[in-house]
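**Student:** coordinates only, no sequence provided:
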């Protein structure tokens, strides 16, 4: 359940970041509202995920998944560039999450 909640929290934060980009500095109302809605949803999901878990580990796992999903959204929807170096960085983030969860088990 922890992994599901942290992945959903990270995805919510990343979607909020996507709408942050579309809000053009909070000058467009609908994307601006969606920024706050997705950030609130992400915070709620992370709060539930944190129950019975170490705060530091939960934050790092959510931030790691968020980095991966934000990168993916940027590449897929915002046409931001990708490279072998960036993909290697994503792999290192994922490896870090696995190490933290394995050490925490």
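**Tutor:** Sure, I can see it. Note that the coordinates shown come from a computational prediction; the quantities given were computed from them, not determined experimentally. Numbers count the residues shown, from 1 in each chain.
**Student:** residue closest to the middle of the chain?
**Tutor:** residue 66 (1.8 Å; Cα atoms, centre = their mean).
**Student:** tell me which element that residue falls in.
**Tutor:** Using DSSP states H and E, residue 66 maps to helix 55-77.
**Student:** buried set for the one helix or strand in the chain whose mean pLDDT sits lowest?
**Tutor:** The weakest-scoring helix or strand in the chain, judged by mean pLDDT, DSSP states H and E, is helix 84-104 (a mean of 89). In terms of neighbour count (16 or more other Cβ atoms under 10 Å), helix 84-104 has its buried residues at 90, 93, 97, 100. No exception for glycine: its C-beta is placed from N, CA and C like everyone else's.
**Student:** out of those, which comes closest to residue 10?
**Tutor:** Closest approach to residue 10 among these (Cβ to Cβ): residue 97, at 10.1 Å.
**Student:** quick one: work out the angle between the host helix or strand of residue 40 and helix 55-77.
**Tutor:** Assigned by DSSP H and E, residue 40 belongs to helix 29-50. Helix 29-50 and helix 55-77 meet at an angle of 140 degrees, taking axes from the mean of the first three to the mean of the last three Cα atoms, to 10 degrees as the criterion.
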